[in-house]
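>>> no sequence on this one, just coordinates:
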C-alpha cells in the first residue's frame, strides 16, 4: 500500500506526495475580488503540498457572495492570480483553482438587490456573511432553462482564465450546499424539467459543467469536489447512496483528473450505527484517483490509503497554522493550532505568520 509521502499522478499533475491542501476560504482579496500580494506569500509558504487547491474562487459576479473572496471573471483578477501561481511554481509546487458559484447563499447585497439563483425557489437557513454583517438569506429564484448555457459558459470562462493565470488545472466546486450541490440534492432541487426529479436529471448540470470545462482545459486538468454528507447549508438528499455514486460514475466517464470528497463524520455522523459513509460506494463507481477530506489525522489518513479507501488525502485546517504540514507529518513534529478569530480577518495575522519548523527551532 502507498504511503502518504509517495508520489501520485493526478491527471496531468505529477504530485510528489499524497497530502493535498484542501480549499480554505480566507477572505484576503480586495472588495473587487482581486487577489493580493499577501495571498502570494500564503500560497507559496504551502507549496510542499502534493497539490494546492485554492480557496473557493468566484466564476462570476452572480456566483460570488463572500466578502473579500477572490474571483476569476475579470482581467484584473486574472492578473492578480498570476504572481501567486508563479510563486507556488517557483517554490516547487502545483496549484489548481477551485471554481465556485454559491447559488442561493449569495446575499442580494452582492447582487445590487437582485435575488440569488438556485435550482428552485428555496431559502438557505441561518445568515449570510456580508459587508454589512450577518443578514438572513434571500429566497432564491429558479434558474431558467435558457440561462443554463450562460452559466456553463461562466464556468468555462473561469477555467480558461485560470489557465491564462498559470494554474495547473481547476477543481469544480460541487459540494457544501452551493449551486451545483443545490441541483444535485432533492431537498433543494424541486424542478420538474430536465434538471430535476430523478437522479439522472439532477446530476445533469454537474455533468454538463464538467464536460464543458474538460473540453476547454483538458479532462486531465479538471477535478471535482463533492460532499456526500448530510445537511450542508440546508441542502440535503433523501438517498445519497443512489445520488453520489451516479454522479461519480458520470464524472468517471469524462475522465477527470481526480474526485475529492468532503465527508465529515468520524466522531459525528458516522459514529451513529444507523449511518454509513457514502464514499465506499463512490469508490466503486469512480475509476480515477479518489481523494478524501475532513478531519483526518496522520494515522487515519494512512489507514484510509492502507485500506484502499482513497488514493490521497486533502487536509484543510492543519494547513492554516502549519505551512510546512508535509514536513511536520513526515517527521512526527507537533502541529500548531490555528486561531479561528483570524480565519477571515483580512490582515497578515493568523495568515502568513505561522512559523515553520526551522523558524521555531531558531
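Cool, the structure landed. The shown structure was predicted, so the numbers you read here are calculated from the model rather than taken from an experiment.

>>> Give me the below-cutoff pLDDT ranges for this protein.
265-275, 362 (pLDDT under 70).

>>> show me where it has helices.
Counting by DSSP state H, the chain forms helices over residues 37-45, 75-90, 148-164, 179-184, 199-202, 204-217, 240-254, 279-285, 298-306, 317-321, 325-331, 357-361, given from the N-terminal end onward.

>>> who are the neighbours in contact with residue 34?
Shown here is residue 34, whose contacts under the criterion C-beta atoms under 8 Å, 6 or more residues apart in numbering are 70, 71, 74, 76, 77, 80. Using the backbone N, CA and C atoms, a C-beta is placed for each residue, glycine as well.

>>> Can you say which of these are buried?
Buried by 16 or more other C-beta atoms under 10 Å: 70, 71, 77, 80, out of the contacts of residue 34.

>>> thinking the first one is in contact with residue 79, fair?
No. In terms of C-beta atoms under 8 Å, residue 70 does not count as a neighbour of residue 79; the distance is 12.0 Å.

>>> thinking again about what came up before, looking at the helices of the chain, which one is packed in the most?
Using mean count of other C-beta atoms under 10 Å, the stretch among these with the largest mean neighbour count is helix 179-184, at a mean of 28.

>>> about what we covered before: so which of the helices of the chain gets nearest residue 25?
Evaluated over the helices of the chain, closeness to residue 25 peaks at helix 317-321, with 10.9 Å, by C-beta to C-beta.

>>> from the chain's centre, how far out does that closest one sit?
The gap between where helix 317-321 is centred and where its chain is centred comes out at 15 Å by C-alpha atoms, centre = their mean, to the nearest Å.

>>> For that helix, which outside residues touch it?
21-22, 24, 46, 49, 325, 335-339, 343, 350, 354.

>>> Out of these, which two sit at the greatest distance?
Every pair in those was compared (C-beta to C-beta); the two farthest apart turn out to be 49 and 339, at 21.1 Å.

>>> More neighbours: those two, which one.
With neighbours defined as other C-beta atoms under 10 Å, residue 49 and residue 339 compare such that residue 49 has more, 27 against 13.

>>> so how far is residue 338 from the more buried one?
According to C-beta to C-beta, to the nearest Å, residue 49 and residue 338 sit 16 Å apart.

>>> Kindly report the same for residue 320.
Here residue 320 is placed at a distance of 4 Å from residue 338 (C-beta to C-beta).

>>> Find the residues that touch each one of these two.
Jointly contacting residue 320 and residue 338 under the rule C-beta under 8 Å, 6+ apart are 350, 354.

>>> Can you name the residues that contact the closest residue to residue 205 other than its chain neighbours?
With sequence-adjacent residues excluded and distances taken as C-beta to C-beta, 6 or more residues apart in numbering, residue 205 is closest to residue 183, at 4.5 Å. Applying C-beta under 8 Å, 6+ apart to residue 183 gives the contacts 119, 189, 195, 202, 204, 205, 206.

>>> and if we set it to 10 Å?
By C-beta atoms under 10 Å, 6 or more residues apart in numbering, the contact list for residue 183 reads 103, 118-120, 143, 148, 174, 189, 191, 195-196, 201-206, 209, 235.

>>> swap in residue 207?
Applying C-beta under 10 Å, 6+ apart to residue 207 gives the contacts 200, 246, 247, 249, 250, 251, 253, 254.

>>> do that again at 8 Å, thanks
In this structure, residue 207 makes contact with 247, 250, 251, 254, judged by C-beta under 8 Å, 6+ apart.

>>> What of residue 232?
With contacts taken as C-beta under 8 Å, 6+ apart, residue 232 has the following neighbours: 175, 176, 177, 181.

>>> separation between it and residue 336?
Relative to residue 336, residue 232 is positioned 28 Å away (C-beta to C-beta).
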